[in-house]
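In: All I have is the shape, not the residue letters:
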C-alpha cells in the first residue's frame with residue numbers, strides 16, 4: 001500500500017512539475033548562487049498576452065540560460081521550459097499562434113551565428129527547438145500576429161524567410177527584374193521602417209518608405225512630394241503588384257505622409273494652405289474618397305495651426321489611422337521637428353531592450369540601441385516627446401464625424417507613470433516593460449529582495 005501511495009504521489013508531482021503554474025499579479029524568482037544576471041526582456045504579443053525573458057550565465061560552465069515566462073489575457077503568469085545556449089543570445093522576434101509561442105534568438109560567435117527557433121506550448125510549457133546554421137543578419141524584420149518575416153536584401157532581389165514555428169523556415173524571392181529599376185530603388189534607397197498596425201500609434205513614421213503586414217501581404221510604400229508607390233508582395237511566393245498614385249494635379253505640395261490601414265492607403269498632402277486626404281483601396285487601386293481637411297473642419301483652430309507648422313522648413317507631418325469604438329476610425333495628425341523626432345514601429349521594442357546584450361535588428365534612423373533600458377540612467381531613450389496630435393474621427397464609410405471626440409479600442413496608458421516607478425527607485429534594476437490592452441507587465445531585479453520580480457500593474 002505504501003509503495004502504491006508513493007507511486008501516486010510521484011506521478012501527481014511529475015504532472016504538476018511539467019505544467020506551468022499560473023500565478024496572478026506577481027512572481028518572485030530567486031537566482032541560484034552560481035547564476036549571474038545578464039538581462040531581461042519584455043514584449044507585448046497581441047495586445048492581450050506578453051512574453052518575459054530572464055537571461056542568466058552559469059559561473060561554473062559559462063552557459064547561458066534563457067528562462068521564459070508567459071502572461072495570458074487573464075493575467076496568469078506561467079513559467080515555460082528553460083533553454084541553454086553556449087553563447088550569449090539576442091532576441092530577433094516572437095509571435096503567438098493559437099497556444100504556441102515562438103521565440104527567435106540569434107546566438108553564436110561572429111560569422112558563426114545561428115538562428116535558434118524556440119517553440120513553446122503555453123498549455124504545458126513544453127519546448128521544441130530548431131536551429132538554422134550560418135544565419136545572416138536580416139535587412140528587415142516584420143513581426144506578424146502569427147508569424148515572423150526576415151528579409152535579406154540582395155542586388156536584384158529580396159529573400160523573404162517566413163517562420164511560423166520550430167520547423168525549417170519557408171523561403172521566397174522578391175525578384176526586381178519585373179519592376180522598373182528606378183521604381184524598385186525608391187522603396188529601398190532608405191531602409192523601410194516597419195509599422196505595427198496592431199497597436200495604437202499616436203504619431204507615426206516620417207520615413208519616406210515603410211513596410212506593413214496587412215491582409216497576409218507584405219506591403220511596402222514610398223512617398224515623396226510628387227508621387228506615391230505601393231509594392232504588395234505575397235510572402236509565400238514573392239508575387240508582386242505595383243500601384244502608383246499620381247498627385248501632380250496638386251500645386252505647392254510641401255509635405256506628404258501616408259498610412260496603410262485595413263488594405264486602404266491614406267495619403268495626406270500639405271500644400272501650405274490645406275491638407276488634402278486621398279484614400280485608395282489597395283486591392284482595386286481605386287480612389288475611394290478625397291477630402292480637404294481645412295475646408296471640412298473650418299472651425300478647428302488646432303488643425304489650422306498644424307497645417308501651418310507642418311509646412312515649415314525642418315518640420316514634418318505625421319499621420320496614423322487607428323481603430324475606434326463603434327466602428328469608427330481615428331485619424332491622428334501631428335507636426336514634428338524632422339531632425340529630432342524618432343519613431344519606433346513598436347513602442348515595446350524601444351522600451352524592452354536587453355541591457356548591453358541584445359542589439360535591435362529592425363530599421364531605426366539612429367544608432368542601434370541596447371535591449372532593456374535602465375530608465376533611471378539611460379535618459380537618451382527619452383530624447384523627444386512629440387506634442388499631442390490632432391485627432392479626427394471617421395465612420396466605417398470613411399466620412400468624418402465632426403462632433404465626435406473618438407475613443408480608441410486599444411487604450412493608451414500613461415507610460416511615464418509606470419516608467420517613473422523605476423526611474424525614481426535606484427533599488428530596481430534591469431527592468432523591461434510591456435503594455436497590453438488591460439494591464440502593464442514588468443520584469444526587474446530588486447536590490448532589496450535580491451530577486452527577480454515579474455509584476456502586473458493595473
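Out: All right, it came through fine. None of the values given here were measured: they were computed from a predicted structure.

In: secondary structure class for residue 319?
Out: strand (DSSP: H, G, I helix; E, B strand; the rest coil).

In: hmm, which helix or strand of this protein has the shakiest average pLDDT?
Out: The helix or strand with the lowest mean pLDDT-type score in the chain, counting by mean pLDDT, DSSP states H and E, is helix 2-18 (a mean of 38).

In: Number of residues surrounding residue 340?
Out: 10 (other CB atoms under 10 Å). Bear in mind the C-beta positions are built from the backbone N, C-alpha and C, glycine included.

In: and it, which of the three is it?
Out: Under three-state DSSP, residue 340 falls in the coil class.

In: how far away is it from residue 406?
Out: For residue 340, the distance to residue 406 (CB to CB, to the nearest Å) stands at 27 Å.

In: same deal with residue 251?
Out: Taking CB to CB, one finds residue 251 at 32 Å from residue 406.

In: okay, those two: which has more neighbours?
Out: Taking other CB under 10 Å, residue 251 and residue 406 do not tie; residue 406 has more neighbours (18 against 8).

In: OK, contacts around that one?
Out: 324, 328, 330, 391-393 (CB atoms under 8 Å, 6 or more residues apart in numbering).

In: Among these, which lie within helices?
Out: If you go by DSSP state H, the contacts of residue 406 have nothing in helices.

In: Name only those of these that count as buried.
Out: 324, 328, 330, 391-393 (16 or more other CB atoms under 10 Å).

In: Any chance of TSV for these, columns pLDDT and distance to residue 111?
Out: Formatted as TSV, the buried ones among the contacts of residue 406 follow (pLDDT from 0 to 100; distance: CB to CB, whole Å):
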residue	pLDDT	distance to residue 111
324	89	49
328	92	52
330	93	47
391	91	49
392	94	51
393	94	53
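
In: okay if I get the residues you listed as TSV plus distance to residue 170?
Out: Below are those laid out as TSV (distance: CB to CB, whole Å):
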residue	distance to residue 170
324	36
328	37
330	36
391	40
392	41
393	40
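
In: which one of these is nearest residue 134?
Out: Nearest to residue 134 among those: residue 330, at 44.9 Å, using CB to CB.

In: Specify the beta-bridge partners of the closest one.
Out: residue 322, residue 393 (DSSP bridges).

In: Residue 177 in helix, strand or coil?
Out: Per three-state DSSP, residue 177 ends up helix.

In: What sits closest to it if chain neighbours are left out?
Out: Spatially, and ignoring its direct neighbours in sequence, residue 177 is nearest to residue 156 (6.2 Å; CB to CB, 6 or more residues apart in numbering).

In: Same question for residue 211.
Out: Leaving out its chain neighbours, the residue that sits closest to residue 211 by CB to CB, 6+ apart is residue 192, at 4.3 Å.

In: What of residue 296?
Out: residue 400 (5.9 Å).

In: Same question for residue 291.
Out: Distances taken as CB to CB, 6+ apart place residue 277 nearest to residue 291, at 4.7 Å, with adjacent residues excluded.

In: Check residue 101 too.
Out: Counting by CB to CB, 6+ apart, residue 101 lies nearest to residue 120, which is 4.5 Å off, once chain neighbours are set aside.

In: you'd agree residue 418 is in a strand?
Out: No - under three-state DSSP, residue 418 sits outside any strand and is assigned helix.

In: Pretty sure it sits against residue 444.
Out: No - in this structure residue 418 lies outside contact range of residue 444 using CB atoms under 8 Å: 11.3 Å.

In: Those two: who's more crowded?
Out: residue 444 (24 against 19).

In: The nearest residue to that one once chain neighbours are set aside is in what secondary structure piece?
Out: Counting by CB to CB, 6+ apart, residue 444 lies nearest to residue 431, which is 3.6 Å off, once chain neighbours are set aside. According to DSSP states H and E, residue 431 maps onto strand 428-435.

In: List the neighbouring strands of the helix or strand just after that strand plus their orientation.
Out: Following strand 428-435 in sequence order, the next helix or strand is strand 440-446 (DSSP H and E). Under the criterion DSSP bridges, strand 440-446 sits next to strand 428-435 (antiparallel), strand 451-457 (antiparallel) in its sheet.

In: Buried deepest among those strands, which one?
Out: Comparing these by mean neighbour count (mean count of other CB atoms under 10 Å), strand 428-435 ranks first with a mean of 24.

In: that older thread, tell me the mean pLDDT over the strand holding residue 431?
Out: Averaging pLDDT along strand 428-435 yields 88.

In: So residue 185: helix, strand or coil?
Out: Applying three-state DSSP: residue 185 is helix.

In: Return the distance of it relative to residue 192.
Out: On the measure of CB to CB, residue 185 and residue 192 end up 12 Å apart.

In: Show me which of these two is the more surrounded one.
Out: Higher neighbour count among residue 185 and residue 192: residue 192, with 25 against 12, using other CB under 10 Å.

In: so who does the more buried one touch?
Out: 140, 207, 209-211, 220, 363.

In: ok so, going back, hmm, the residue nearest to residue 291 is touching residue 294, no?
Out: No - look at residue 277 against residue 294 with CB under 8 Å: they stay out of range, at 10.7 Å.

In: More neighbours: these two, which one.
Out: residue 277 (22 against 16).

In: and the more buried one, what is it in contact with?
Out: So residue 277 contacts 266-269, 289-293, 331 (CB under 8 Å, 6+ apart).

In: now swap in residue 260 and tell me
Out: Counting by CB under 8 Å, 6+ apart, residue 260 has contacts 195, 197, 210, 212, 214, 219, 221, 230, 266, 282.

In: Using TSV, lay out those together with pLDDT, distance to residue 180 and secondary structure.
Out: Below are the contacts of residue 260 laid out as TSV (pLDDT from 0 to 100; distance: CB to CB, whole Å; DSSP: H, G, I helix; E, B strand; the rest coil):
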residue	pLDDT	distance to residue 180	secondary structure
195	89	25	coil
197	82	28	coil
210	94	20	strand
212	94	22	strand
214	91	24	strand
219	95	18	strand
221	95	16	strand
230	95	14	strand
266	97	25	strand
282	93	19	coil
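
In: Tell me the one among those residues nearest to residue 422.
Out: When the contacts of residue 260 are compared against residue 422 (criterion: CB to CB), the nearest one is residue 195, at 27.9 Å.

In: can you count the residues close to the closest one?
Out: Residues near residue 195, counting by other CB under 10 Å: 27.

In: again, but for residue 262
Out: For residue 262, the count of nearby residues is 12 (other CB under 10 Å).

In: now swap in residue 313 and tell me
Out: 6.

In: And what about it, helix, strand or coil?
Out: Residue 313 ends up coil, using three-state DSSP.

In: show me the contacts for the closest residue to residue 287 other than its chain neighbours.
Out: Closest residue to residue 287 apart from its sequence neighbours, by CB to CB, 6+ apart: residue 280 at 5.7 Å. Applying CB under 8 Å, 6+ apart, we find residue 280 in contact with 243, 245, 264-265, 267, 286-288.
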